[in-house]
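Q: Requesting a structural model of the entry that follows:
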Amino acid sequence: MKTLDIAGLASTLGGLPPDARVVVSGNFASPHVAIGVLDKAVASYRLHALNAQPGLPDRDGVVLETAFVGPGMRRSPRLSYVPSRLSLVPRLFATTLPPDVVILHTSRVIDGTVSMGMEVNVLPAAVEAVRRRGGIVVAQVNERMPYTYGDAVLPVDAVDYAIEVDEALPSPGGSALDETSAHIGDLVARRVPDGATLQMGIGAVPDAVLHGLKARRGLRVWSEMFSDGILSLDAVGALDPTTPITASFLFGSEDLYRWVDRNPRVRMLRTETTNEPALIARNPSMISVNTALQVDLFAQANASRINARIHSGFGGQTDFIVGALHSAEGQAIMALRSWHPKADVSTIIPLVDEPVTSFQPTAVVTDQGVADIWGHDEKAQARQLIEHAAHPRVRGELWEEAGALGLS
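A: Take a look at the predicted model:
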């Protein structure tokens, strides 16, 4: 690993061919200093990042490429969305989306290694793919990036060039625990037994679920990601101290970043492992909690598109729903509000007219109650959704539509 200054990195990246594909750390770990150097040095390139946050270059000459759209790419006219389950994104780097450069955001060097810290995800596969092709691996080495273990760790000879920074990591604000979210979270938490394995995302409802689990004991974590809610569970003794917390990326508060730094109980693994349905299914009582924009009377969920425009993507939802359903005593729970406050519409609808993200969870939980889905015939499923998940304002209309669809 050769350490460069800004001018040296600019000179190195300036030799890239037009429209080179550059894969960078996504979520809240994007290496903005190095990306800024790239953007000034290269006229045209493809920038690949998962769940990109605001602040990435978005100009003519830059194609914003992703399999999961974040707010930093959403609604950009330069967006190139590649539909894929998150577990399969690494295969894209070996086939249709070969990278020319990978830019990582890493920890300082420790014992001849660096750690990708809070963002592992698809990056190990990207590094392997770019090295096979003779491309470049760049590290933005940050004194403040936590050193995490597992697949996060890279030997320094896997990195070609590095620049050094000392910058605070982004800490996204927590979601307010409003009354509706708290009620949904309580309904979900009641379904989680002692000793269960958890997968949850971030947001008001997952935070509320975790808040409701503080009296549980022996909980495990096998998740795509985690945030401060897991820290709270550990503080009250709800987690099994003998089982590593397994995830692929994380983000949250500075307290969380300090806690995961060189913490042997945290194991950061590559996406092909954390999101492999067969491995998910091996976890006892795997409880997967996801959300959606809409759920229809056939228990099909749209979590990806609004008015046919891509909003996010499959992410890990499809991987974890399948894995949880195959786990012994596992549950795949879809948790959402019954009424969308901004759009002023019901989230339980007769029939999804957008591409379906997932279908047939164990249960759909809203502020109205719990609709049991798995194991019931389609008419019983529709009845459960109307009577226990839908907002009262639309139940009459849903019964009429159910009749037209042969579900009543």
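
Q: Point out where the stretch 51-200 of the chain drops to low pLDDT.
A: Counting by pLDDT under 70, the stretch 51-200 of the chain shows low-confidence ranges at 174-176.

Q: Apply 50 and report the result again.
A: Of all residues in the stretch 51-200 of the chain, none has pLDDT under 50.

Q: Tell me where it has strands.
A: For the stretch 51-200 of the chain, the strands defined by DSSP state E, counting those that start in this stretch cover 62-66, 79-81, 101-106, 113-115, 136-142, 149-150, 153-155, 161-165, 197-200.

Q: Reformat those as CSV; add distance to residue 308 and mean neighbour count.
A: Quick note: C-beta positions are derived from backbone N, CA and C, even for glycine. Below are the strands of the stretch 51-200 of the chain laid out as CSV (distance: least, Cβ to Cβ, whole Å; neighbours: other Cβ atoms under 10 Å):
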stretch, distance to residue 308, mean neighbour count
strand 62-66, 18, 21
strand 79-81, 12, 16
strand 101-106, 32, 28
strand 113-115, 40, 23
strand 136-142, 37, 24
strand 149-150, 39, 18
strand 153-155, 40, 18
strand 161-165, 40, 18
strand 197-200, 29, 28
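
Q: Could you export the ones you listed as JSON lines, including distance to residue 401?
A: Converted to JSON lines, these look like this (distance: least, Cβ to Cβ, whole Å):
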{"stretch": "strand 62-66", "distance to residue 401": "35"}
{"stretch": "strand 79-81", "distance to residue 401": "30"}
{"stretch": "strand 101-106", "distance to residue 401": "48"}
{"stretch": "strand 113-115", "distance to residue 401": "52"}
{"stretch": "strand 136-142", "distance to residue 401": "52"}
{"stretch": "strand 149-150", "distance to residue 401": "48"}
{"stretch": "strand 153-155", "distance to residue 401": "53"}
{"stretch": "strand 161-165", "distance to residue 401": "55"}
{"stretch": "strand 197-200", "distance to residue 401": "32"}
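
Q: For residue 9, which of these is the nearest?
A: Checking the strands of the stretch 51-200 of the chain against residue 9 by Cβ to Cβ gives strand 161-165 as the closest, at 5.4 Å.

Q: And for residue 278, the neighbour number?
A: With neighbours defined by other Cβ atoms under 10 Å, the count for residue 278 comes to 9.

Q: Apologies, that question was intended for residue 400.
A: Neighbourhood size, residue 400 [other Cβ under 10 Å]: 12.

Q: can you confirm it is in a helix?
A: Yes: looking at residue 400 with DSSP: H, G, I helix; E, B strand; the rest coil, it is inside a helix.

Q: what about the helices in the stretch 1-150 of the chain?
A: Taking DSSP state H, counting those that start in this stretch as the test, the helices found in the stretch 1-150 of the chain are 6-13, 32-41, 89-94, 123-132.
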